[in-house]
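In: Dropping the sequence and predicted coords here.
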Amino acid sequence: AGASELATQVADAENPPREAFENVLNSAGVRIFGLIMWAAAISSVIGASYTSVSFLVSFHPWIMRNRNWLVVAFIALSTAIYLAAGQTPVTLLILAGALNGLILPFGLGFLMWVAGRRRDLLGGYRYPIWLLALGVAAWVLSLYLGYNSLTGIADLWE
């Protein structure tokens, strides 16, 4: 009965992972859970910021020389936008996921255009028509799914 009772307590909690740490280690568990979440968040923020700035490095030597400061500025700007949005992290994660749903249709559309129209970029290779048709069908499906990912965005701010 003890294990099922603990499972029920965890399942009923507003924050089940935190509740599990608290049930096992009391207040020390909550602190350990907070430290783990902070470490995961800060490493994600630094990694994502560094990656984003790395995409810009090839544009100008000044960017390469000031990469570290640009990462710090990117984090500061992102923090300001997050605070100005006034939304919960869950809302912003859903928004980011929906917007990421547009990357595939645009990227796939560009690759399909190259495959169908720019044989000079492919060393003269000509894709079979059936393969291009299959690619266009996949592209249309990705457009539809990307559009569907955007339909609920307005509801997030209600």
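Out: Sure, I can see it.
In: what helices or strands is the longest helix anywhere in the chain leaning on?
Out: Ranked by residue count under DSSP state H, the longest helix found in the chain is helix 16-54. In this structure, helix 16-54 makes packing contacts with helix 2-12, helix 67-85, judged by 3 or more C-beta pairs under 8 Å, 6 or more residues apart in numbering; DSSP states H and E. Glycine gets a C-beta too; all of them are placed from N, C-alpha and C.
In: lowest-confidence stretch among the ones you listed?
Out: Looking over the helices and strands packed on helix 16-54, mean pLDDT reaches its minimum on helix 2-12, with a mean of 53.
In: Three-state assignment for Tyr125, please.
Out: Reducing the assignment at Tyr125 to three states with DSSP: H, G, I helix; E, B strand; the rest coil gives coil.
In: wait, isn't it in contact with Val114?
Out: No: look at Tyr125 against Val114 with C-beta atoms under 8 Å: they stay out of range, at 11.0 Å.
In: May I have the phi/psi pair for Gly123?
Out: Here is the backbone geometry of Gly123 (degrees, to the nearest 10): phi 70, psi 30.
In: Number of residues surrounding it?
Out: Counted with other C-beta atoms under 10 Å, the neighbours of Gly123 add up to 6.
In: now do Leu25
Out: Using other C-beta under 10 Å, Leu25 has 13 other residues around it.
In: and the gap between it and Gly86?
Out: Taken as C-beta to C-beta, to the nearest Å, the spacing of Leu25 relative to Gly86 amounts to 34 Å.
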